[in-house]
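**Student:** structural data only, the sequence is not supplied:
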């Protein structure tokens, strides 16, 4: 009887370890496809005021791309910090862009309510495909991408940003 208990405990611990390993492997962002930046810059998306904007206007500029949604609590929590960061990094020519996985109407209401200081765009469901091209196979939010002036993805983050880490990583741009 005692032997069976130890066997069940061993199997339980082993199962938990295997589950933990595979869950972290599944959620870790993969490397961005080479065409991900070009695919993003080829988009024309409505901004928070409903005006269509061709994202290619930011070609050749270092960018922080933040995929988010109005219904995503961690996304909403980090947006005031990103607004403050935009004011801080703007003199260095770095641009933050928010790509919303939501409707243009919801993003317009949100932008007005929270006074976000960087451009927000409504990509709807197509934002998920864009994020996947950057390696976000899990589809988790928020998802943030650092893109250098050279158009190369420097780093990706899945989940709520740690602003001190992001500030440090901006040196990669």
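**Tutor:** Done, it's in. Keep in mind that what you see is a predicted model, and the values were worked out from it rather than measured.
**Student:** how about the residue positioned nearest the centre of the chain, phi and psi?
**Tutor:** Nearest to the geometric centre of the chain sits residue 143, at 1.8 Å (CA atoms, centre = their mean). As for residue 143, its main-chain torsions (degrees, to the nearest 10) stand at phi -140, psi 130.
**Student:** isn't it right next to residue 155, touching?
**Tutor:** No - counting by CB atoms under 8 Å, residue 143 sits too far from residue 155 to count as a contact (11.8 Å). Every C-beta, even on glycine, is put in place using the N, C-alpha and C of the backbone.
**Student:** picking that back up, which residues does the residue nearest to the centre of the chain contact?
**Tutor:** Applying CB atoms under 8 Å, 6 or more residues apart in numbering, one finds that residue 143 lies in contact with 29, 66-67, 131, 134, 136, 156-158.
**Student:** show only the entries of these found in helices.
**Tutor:** Among the contacts of residue 143, the ones falling in helices (DSSP state H) are residue 131.
**Student:** in TSV, list the contacts of residue 143 along with neighbour count.
**Tutor:** Output for these, formatted as TSV (neighbours: other CB atoms under 10 Å):
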residue	neighbour count
29	22
66	23
67	26
131	29
134	24
136	24
156	21
157	19
158	19
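**Student:** that older thread, for the residue nearest to the centre of the chain, give the beta-bridge partners.
**Tutor:** residue 67, residue 158 (DSSP bridges).
**Student:** equivalent analysis for the one 4 residues further on, please.
**Tutor:** Following DSSP bridges, residue 147 is listed with bridge partners residue 63, residue 153.
**Student:** if I read this right, it contacts residue 170, doesn't it?
**Tutor:** No - using CB under 8 Å, residue 147 makes no contact with residue 170, being 11.6 Å away.
**Student:** the more surrounded of the two?
**Tutor:** Using other CB atoms under 10 Å as the criterion, residue 147 and residue 170 rank with residue 147 on top: 27 against 18.
**Student:** any idea how far that one is from residue 163?
**Tutor:** Here residue 147 is placed at a distance of 18 Å from residue 163 (CB to CB, to the nearest Å).
**Student:** check residue 62 too.
**Tutor:** Shown here: residue 62 relative to residue 163, a distance of 17 Å by CB to CB.
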